[in-house]
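Asks: fold the stuff below for me.
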Amino acid sequence: MASTSLQRVGILTGGGDCPGLNAVIRAVAKPAMNEHGATVLGIEDGFEGLVEGRMRELSNADVSGIINLGGTVLGTSNKGDPWHYPDEMANGKIEIVDASSRALRNYKRWGLDALIAIGGDGTMQICNKLSQHGLNVVGVPKTIDNDLSATDVTFGYDSALAVATEAIDRLHTTAESHERIMVLLSSSCDGDRSDGPLCRLDCARRRAGRRRRHHSDPGDSLLLGDSVSQGD
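Replies: The predicted structure follows:
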């Protein structure tokens, strides 16, 4: 297969923010600019920017020193699906419309050779639709829930798990001191995701930690279901 030169690359972050977004932006932009001489366009606020035509050209300075920053320097949105886009009408009301033609038009207007979209299941579904319309799209799997197919681990998951585990550990001393029951609800432990991978592995870590102890401390936690921490 003949190689294709990518001279103009767009990158966006869609859905909720999670650890590692800026590191991925940097990992894409720096090699593209420095090793391949490509122009990298940062599309603002996820697919909203693709629909509304909002982007800026990224420089080395824009993507330097951002590895440890939370969130995303490009902004994000979980309401920018081009095929179900909230648009304000002349009367001030919001209606859901098909704005995919605007997204496709901006892709071509910017002269993009490829679009790199960082996101979860919703972002990947949009990427699939865009590719069916002839766009070159690369989807980077991002979610703290680790619930995407075709990949073993999504970035953001391990960091979120570490934070959740530490939060539960920090509750122990307060529970012990005040002899109180404390409930901790973790993201992805509500609604239809009450048995999500983040909850399950977090609980597994906590239970493994308790089994390693030789005795029970007064403030030890008891995880009920997937999201309850109890201090005696």
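
Asks: now Ala114, which residues is it bridged with?
Replies: Beta-bridge partners recorded for Ala114 (DSSP bridges): Val9.

Asks: I'd say it and Val138 touch.
Replies: Yes - here Ala114 lies in contact with Val138, judged by CB atoms under 8 Å, at a distance of 6.3 Å. Heads up, the C-betas are built off the backbone N, CA and C, glycines and all.

Asks: more crowded one of those two?
Replies: Comparing Ala114 with Val138 by other CB atoms under 10 Å, the one with more neighbours is Ala114, at 18 against 14.

Asks: quick one: low-confidence ranges for the protein?
Replies: When residues are selected by pLDDT under 70, those of the chain lie in 1-4, 146-148, 150, 153, 156, 186-232.

Asks: what segments of it are helices?
Replies: With helices called from DSSP state H, the chain shows them at 21-34, 47-52, 100-109, 121-132, 157-178, 197-211.

Asks: need the winner for burial among these.
Replies: Greatest average neighbour count among the helices of the chain goes to helix 47-52 (a mean of 26), per mean count of other CB atoms under 10 Å.

Asks: what helices and strands are in contact with that one?
Replies: Counting contacts by 3 or more CB pairs under 8 Å, 6 or more residues apart in numbering; DSSP states H and E, helix 47-52 packs against strand 8-13, helix 100-109.

Asks: Ala29 is nearest to which of these?
Replies: Closest approach to Ala29 among the helices and strands packed on helix 47-52 (CB to CB): strand 8-13, 6.8 Å.

Asks: which ones are touching Asp87?
Replies: Counting by CB atoms under 8 Å, 6 or more residues apart in numbering, Asp87 makes contact with Ile94, Glu95, Ile96, Val97, Ala99.

Asks: now it: how far from Ile96?
Replies: 8 Å (CB to CB, to the nearest Å).

Asks: Val28 against Thr13, yeah?
Replies: No - assessed by CB under 8 Å, Val28 is found out of contact with Thr13, at 10.8 Å.

Asks: tell me if I'm right that Val40 and Asn34 touch.
Replies: No - with contacts counted by CB under 8 Å, Val40 stays clear of Asn34, the gap being 10.4 Å.

Asks: still on that earlier bit, by neighbours, which of the contacts of Asp87 wins?
Replies: The residue in those with the most neighbours, by other CB under 10 Å, is Ala99 (22 neighbours).

Asks: these two touch, right, that residue and Tyr85?
Replies: Yes - under the criterion of CB under 8 Å, Ala99 makes contact with Tyr85 at 3.8 Å.
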